[in-house]
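Q: Everything below, folded, please.
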Amino acid sequence: MMAMSCKDGKAAMDNGKYVRYTPEQVEALERLYYECPKPSSIRRQQLIRECPILSNIEPRQIKVWFQNRRCREKQRKEASRLQAVNRKLTAMNKLLMEENDRLQKQVSQLVYENGYFRQNTHNTTPGTKDTSCESVVTSGQHHLTPPHPPRDASPAGLLSIAEETLTEFLSKATGTAVEWVQMPGMKPGPDSVGIVAISHGCSGVAARVCGLVGLEPTRVAEILKDRPSWFRDCRAVDILNVLPTANGGTIELLYMQLYAPTTLASARDFWLLRYTSTMEDGSLVVCEQSLSNTQNGPSMPPVQSFVRAEMLPSGYLIRPCEGGGSIIHIVDHINLEAWSVPEVLRPLYESSTMLAQKTTMAALRQLRQIAQEVSQSNNTNWGRRPASLRALSQRLSRGFNEALNGFGDDGWSVVGSDGMDDVTILINSSPEKLMSLNLTFANGFPAINHAVLCAKASMLLQNVPPAILLRFLREHRSEWADNNVDTYSASAVKVGPYSLAGARVGSFGGQVILPLAQTIEHEEFLEVIKLEGVNNCPEDAIMPRDMFLLQLCSGMDENTVGTCAELIFAPIDASFADDAPLLPSGFRIIPLDSGKEASSPNRTLDLASALDIGPSGNKTSNDHTVNNGNTRSVMTIAFEFAFESHMQENVASMARQYIRSIIASVQRVALALSPSHLGSNGGLHHPLGTPEANTLAQWICQSYRCFLGVDLPKSINDGNESALKTLWHHTDAIMCCSLKASPIFTFANQAGLDMLETTLIALQDITLEKIFDDHGRKTLCSEFPRIMQQGFACLQGGICLSSMGRPISYERAVAWKVLNEEETAHCICFMFMNWSFV
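A: So this is what the prediction gives:
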């Protein structure tokens, strides 16, 4: 700020000049600034009265001071932000340069091996075989290193194994020991998860990721070592022995167990050596490798219910970054013994892409999530800290995995079947399980004889994208859920008395999804489901209760390759305590062809794929052939119920029937969502893909032109198919409803489906009355006679609701009567302009 020294500040301001503020004046103004950066004129005048040292300054001059102060603060924040971005870009540039050097080395090695192969091919007769060429080229990268020399369980022997593990890990992390290829759909950049690569042509499956995190190396190593905190499939890691080394490092002997992802396979375990050390350049290295009998090291006997898998040299290279933070390389290389699972599941155990998504990228995402929480250190929705919400997510996932696997040492035991083996029933009455749930039953006090039942099953799905099926299950719970069973499941966390499902008939008024938290990459969501108006008994009819579910969703982006889709939920009481008892249930859908998948544009299973004609239509057809022609996935369902022991047979029978009804509902929905219903040119067998859909589109456009005098789309070529295509891609939300006493929606374009947060299959479950608030309904009732008489009406902007209960604002809307070929009213069409979620 420019300033002039003067004896009389008042006179200086009268001459239009600036004053030089004294330190006392600046201190007084700064105090007010921190209290209120933008004070009103009344507050500024009050400040002058309260502070005599400001009496010689006019309110106008104080206003200018605050403007300049806000400007300086904004510039300071922007400079700080740019410095942080510059540090991030500098580190990313360094990382990319190192990756470029590694790729150049890989290219040089391939060129050398290619020349060596050609030379030996020319110099060798067809009848002879050059074993030296085979050892270098045809045997693969993993045979280039000599076999491990014999080792023993002494500290010196373990140190020798550890040093070899470190060398092999570094050759994978920064060298060419593994041929890495970029993972489909992943591009490096300052805002991406990192540089992600998967293995090609090596033993087992391997994944590698490089990235930046805003945490110090020691903190990064601490988080990554605590594998159960971020790796959802990790059941336990037991450290059996710790040995210090002469170089200041540590050697640990670990036993690790992983959950099985589905009921169709066994769980895996690992017997590992973990070596932590600091390199000469200050980098921190944590590397791991399986210990095998061939190394003469310490052994771990096989464990029942587990298949012993092998971890090849893997780990974390953590380097300090200038200006704070760390540059990290993560390598996972394992052999999951795919031979031990059914053939249909082997693609899952042989997929490097799946390993990258579930393990390698999950580690880096956890680090970035914690770094963001540390930098912000704010409460999230409902006043909960991020760490407590992450703990709830972990409890949901872990509880679901425990129920799905049903280990005997957790107290689970299998109950005999009813003659059909499609649904497995397990019972858990262990004190540890029940004490963690704090169950409450009919008398309002914890019962003595009670237990937990789990019903689980798996099914194979054909030609249905897991992400789309999961979104449907999440958004349209009424299509598969039984309200009586949900009410019974909630009885374990309710204080009031409940009895067996079916004894009291209940009904749900509606479902509202309340967002709670999401991860930094938006690949996982934690939310609360509010089931409104649950009538459980006659007294509830006077004041229906609301029931709440804590729900975890992941894998809803169909463009993401190699990730499973999960929907896990548990009833929770309204207190929503951090230690609230949880009985998780839910769905897990795992793609079995992830290794063959390729990224594709976001596709909606409705009219979107049916509308491209000509060259673009051919492209759509090809995309379907590649991505959906023969896709398979396995869905695993697991539901938990708490019950009193004397009702075990009744609850088991109810659970079997419920799981079977869910399977039937899922099969029906999957069939409707399957792209196999698409014709060769993208035409749908669904009624909306038949000539009736084209005719409806023509009626909508013709009626709009008739009543409003202009064309609806910007350009329409001759022919019904072009009208349907243009209508579908119209930027405004267009939807039709029937002319019934309770109008329901019968059609919506892509923007309309996005606005209503639904699909064409579930569109007819939404009534017109449901999306408008009271003011909107009154306006529509007053305008309805005009629509029927003059053919259209213009509605003022307002608020409506999506099928998920989210408020939507729109600038204005037009409603018009759609006439059929006989000039009679067929339906009413609405067009909402410039809409957005509030």
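Q: So P39: helix, strand or coil?
A: Following DSSP: H, G, I helix; E, B strand; the rest coil, we place P39 in the coil state.
Q: please begin residue numbering at 11 from this point
A: In the new count, where the first residue is 11, that last one comes out as P49.
Q: Can you give me the distance of it to Q71?
A: Using CB to CB, to the nearest Å, one gets 13 Å for the distance from P49 to Q71. (Each C-beta comes from the backbone N, C-alpha and C, glycine too.)
Q: Which parts of the stretch 261-410 of the chain are helices?
A: Under the criterion DSSP state H, counting those that start in this stretch, helices of the stretch 261-410 of the chain are mapped to 356-359, 362-365, 371-386, 396-415.
Q: where among those helices is the average confidence lowest?
A: With a mean of 87, helix 371-386 has the lowest mean pLDDT of these.
Q: Contacts for it next, please.
A: The contact list for helix 371-386 (CB atoms under 8 Å, 6 or more residues apart in numbering) reads 203-204, 206, 217, 219, 221, 223-225, 230, 233-234, 239-242, 326, 335, 338, 340, 396-397, 400, 529-531, 533.
Q: same thing but at 7 Å, please
A: With contact meaning CB atoms under 7 Å, 6 or more residues apart in numbering, helix 371-386 is reached by 203-204, 206, 219, 221, 223-225, 230, 233-234, 240-241, 338, 340, 396-397, 529-531.
Q: can you check stretch 358-366 too?
A: In contact with stretch 358-366 (CB under 7 Å, 6+ apart) are residues 193, 206, 208-209, 215-217, 342, 344, 346, 348, 351, 571-572, 600, 602, 604-605.
Q: before we move on, back to that, can you list the helices of the stretch 261-410 of the chain in JSON lines and add mean neighbour count and distance to Y122?
A: Formatted as JSON lines, these follow (neighbours: other CB atoms under 10 Å; distance: least, CB to CB, whole Å):
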{"stretch": "helix 356-359", "mean neighbour count": "20", "distance to Y122": "33"}
{"stretch": "helix 362-365", "mean neighbour count": "25", "distance to Y122": "25"}
{"stretch": "helix 371-386", "mean neighbour count": "19", "distance to Y122": "32"}
{"stretch": "helix 396-415", "mean neighbour count": "20", "distance to Y122": "46"}
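Q: nearest to F840, of the ones you listed?
A: Of all those, the one in closest proximity to F840, counting by CB to CB, is helix 396-415 (38.2 Å).
Q: Check which element follows that closest one along the chain.
A: Downstream of helix 396-415, the first helix or strand assigned by DSSP states H and E is strand 422-425.
Q: helices and strands around that following strand, which ones?
A: strand 434-438 (3 or more CB pairs under 7 Å, 6 or more residues apart in numbering; DSSP states H and E).
Q: from the chain's centre, how far out does the strand it packs on sit?
A: Taking CA atoms, centre = their mean, to the nearest Å, the mean C-alpha location of strand 434-438 is offset from the chain mean by 29 Å.
Q: for stretch 57-70, same thing?
A: With CA atoms, centre = their mean as the basis, stretch 57-70 stands 55 Å off its chain's centre.
Q: for that stretch, which positions count as buried?
A: Buried positions in stretch 57-70, judged by neighbour count with 16 or more other CB atoms under 10 Å: 57-58, 61, 64, 66-69.
Q: before we move on, the earlier item: now distance to I669 too, for the helices of the stretch 261-410 of the chain, in TSV please.
A: Listed next are those as TSV, based on distance: least, CB to CB, whole Å:
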stretch	distance to I669
helix 356-359	22
helix 362-365	26
helix 371-386	29
helix 396-415	13
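Q: With A246 as the reference, name the closest of those helices.
A: For A246, the closest of those is helix 396-415, at 10.5 Å, according to CB to CB.
Q: helices and strands around that closest one, which ones?
A: Applying 3+ CB pairs under 7 Å, 6+ apart, one finds that helix 396-415 contacts strand 460-472, strand 520-528, strand 534-544, strand 555-564, strand 575-582, strand 642-654.
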